[in-house]
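Novice: just need the structure, nothing else, for what follows:
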Amino acid sequence: MEISQTHRPAHRRDTKPGRSLFETTRSSSLAIILALSAFHLSLVSTSAPLLFEERDAVDRAIDLLDEKGFETEVFLLRNVATFKRTDNWLNRAAPKENAFAATNFPFLIITVYPDFYSRATDDTERAMVLLHEAQHLRGKGEREAYEYVWRQRARLGWTQLTHGTTEAYVTIEQQTRENAPALFTCPAKVWSDCTETLNARR
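Specialist: Model (predicted):
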């Protein structure tokens with residue numbers, strides 16, 4: 001199970017010969033803006049909004065990020081992101097494993113799946129998921145998102161000591177090892193985790 005998947009549509013650019021550079025640029029820019037707006041509208045209109053209780057869980061997780069000082073992520077999640085509860089047509093078309101959430105970049109849409117409410121054990125784990133998704137809102141890829149969250153987990157309060165036995169922690173640790181293996185190349189540290197403060201026993 002992955003935390004999320006990021007979907008980026010490809011775009012093609014077509015210019016006609018014999019036009020000035022300014023006219024071509026202006027026409028192309030307008031066409032791109034209109035295409036992106038239509039694409040965004042289609043994503044929003046083919047997915048369902050969060051229910052009240054789901055929105056409340058998302059808001060609590062964002063509030064926790066705010067308490068922990070993740071100002072940039074909180075701003076994006078509160079003011080820029082559009083949250084949905086079901087897949088839009090693009091997400092449905094892309095094969096994927098079960099996930100807590102998915103972000104459509106650059107359209108700033110976060111789809112929150114049932115695992116976000118059921119498999120995440122508390123608001124701290126849900127905040128971890130949104131911290132990951134906020135990296136996608138910033139244009140970061142999977143490796144960067146996993147690495148950032150793993151490095152920030154102590155600050156968030158999501159550690160081996162507090163959550164190490166939860167299904168989400170175990171799963172996401174494995175996914176982090178797969179996506180950001182450079183974080184686990186320190187044999188002197190517990191579990192070879194370079195971000196750990198404890199040294200391995202000899």
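Novice: and the residue nearest to the spatial centre of the chain, how close does it get to Lys68?
Specialist: Using Cα atoms, centre = their mean, the residue of the chain that lies closest to the mean C-alpha position is Glu133, 1.8 Å off. To Lys68, Glu133 is 16 Å away according to Cβ to Cβ, to the nearest Å. To be clear about C-beta, it is placed using only N, CA and C from the backbone, and glycine gets the same treatment.
Novice: quick one, what contacts the residue nearest to the centre of the chain?
Specialist: 3-4, 77, 81, 101, 103, 110, 145 (Cβ atoms under 8 Å, 6 or more residues apart in numbering).
Novice: can you check Arg55 too?
Specialist: Shown in contact with Arg55 (Cβ under 8 Å, 6+ apart): Phe83.
Novice: strands of this protein, start to end?
Specialist: Under the criterion DSSP state E, the chain carries strands at the ranges 6-7, 82-84, 101-104, 109-112.
Novice: low-scoring stretches of the protein, by residue?
Specialist: Across the chain, the ranges flagged by pLDDT under 70 are 1-2, 5-19, 27, 34-40, 42, 95-98, 200-202.
Novice: helices of the protein, start to end?
Specialist: Using DSSP state H, the helices found in the chain span residues 21-45, 52-67, 71-79, 89-93, 115-118, 123-137, 142-156, 160-163, 167-179.
Novice: how many other residues sit next to the closest residue to Arg155 other than its chain neighbours?
Specialist: Once flanking residues are discounted, Arg155 sits nearest to Lys68: 5.9 Å by Cβ to Cβ, 6 or more residues apart in numbering. Other residues lying near Lys68 total 18 when counted by other Cβ atoms under 10 Å.
Novice: quick one: contacts for Lys68?
Specialist: Lys68 touches 127, 155-157, counting by Cβ under 8 Å, 6+ apart.
Novice: among the residues you listed, which ones are buried?
Specialist: With burial judged by 16 or more other Cβ atoms under 10 Å, the buried subset of the contacts of Lys68 is 127, 156-157.
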